[in-house]
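Asks: turn this into a structure:
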Amino acid sequence: MKKLFALVMMLCLLCTAAVAEDASTMNWSDVEPTLAENNQSGEFVVLDQLGLKVWLPEGLNAVEVSEADAAAGRLALFTDADQTAYLAVDAMNVEGMTIDQYYENAKATEGLSDVEMITVNGLNAVVYKSETMNFWSASLVDTNSNIINFVMGPASEEGSQLVFSIILASLQIAE
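Replies: Okay, the predicted model is just below:
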């Protein structure tokens, strides 16, 4: 986890200009050169069942999802070596849900902060911080009312918002 936050410190100034240009739009092409210029390593992980890929910094590794968690909708889980930091990918179906409805629900939910609707690499997502559960979340809603959640924690860790933003900026359709 310490390597992730070293990355954060180096990228704070460099990423701010790319993201600040339009806070509601994020593109991997704006963030990727910053990582390369600072010799930061990581790799894309393809989430076959979703047709998506996401870049994970070195130090977040895939772990097996338990049968119980898989039955509850967990598709993937990545943790650091001491299992204190994580990125989880969960899915659930909420019949009739749209991204706009999800956004309105998130804004009205007590305990959520920093609720925003963004476009990342052409995908619409609702992003927020759960104050009560101590995580960051980015949620996509597909045309079949499936909600795909990318959840990273702990949100209280210094620099976690920027790490989450970098990971989020990489989210894109797998080719």
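Asks: isn't Asn146 up against Met92?
Replies: Yes - at 7.2 Å, Asn146 and Met92 qualify as touching, with contact defined as CB atoms under 8 Å. Heads up, the C-betas are built off the backbone N, CA and C, glycines and all.
Asks: neighbour count winner among these two?
Replies: Asn146 (15 against 12; other CB atoms under 10 Å).
Asks: list the beta-bridge partners for the more buried one.
Replies: Asn93 (DSSP bridges).
Asks: relative to Ile118, how far out is it?
Replies: 19 Å (CB to CB, to the nearest Å).
Asks: just the strands in the chain please.
Replies: Using DSSP state E, the strands of the chain run over 25-26, 42-47, 52-57, 61-63, 74-79, 86-93, 112-120, 123-130, 135-141, 146-153, 172-173.
Asks: output those as CSV; include the columns mean pLDDT and distance to Ala106.
Replies: Below are the strands of the chain laid out as CSV (pLDDT from 0 to 100; distance: least, CB to CB, whole Å):
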stretch, mean pLDDT, distance to Ala106
strand 25-26, 92, 18
strand 42-47, 95, 22
strand 52-57, 95, 20
strand 61-63, 95, 28
strand 74-79, 97, 20
strand 86-93, 96, 15
strand 112-120, 96, 5
strand 123-130, 97, 5
strand 135-141, 96, 8
strand 146-153, 96, 11
strand 172-173, 96, 22
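Asks: which residues does Gly51 contact?
Replies: Contacts of Gly51 were listed using CB atoms under 8 Å, 6 or more residues apart in numbering, and they are 173-174.
Asks: how about it, phi and psi?
Replies: For Gly51, the backbone dihedrals (degrees, to the nearest 10) come out as phi 70, psi 30.
Asks: swap in Gln40?
Replies: phi -90, psi 130.
Asks: shouldn't it be in contact with Pro57?
Replies: Yes - using CB under 8 Å, Gln40 is in contact with Pro57, at 6.8 Å.
Asks: would you confirm that Leu112 contacts Met133?
Replies: No - using CB under 8 Å, Leu112 is not in contact with Met133, being 9.5 Å away.
Asks: which one of these two has more residues nearby?
Replies: Leu112 (18 against 13).
Asks: partners of the closest residue in space to the more buried one that isn't next to it in sequence in the sheet?
Replies: Of all residues beyond its chain neighbours, the one nearest Leu112 is Tyr128 (4.7 Å), with distances taken as CB to CB, 6 or more residues apart in numbering. Listed by DSSP bridges, the beta-bridge partners for Tyr128 are Ser137.
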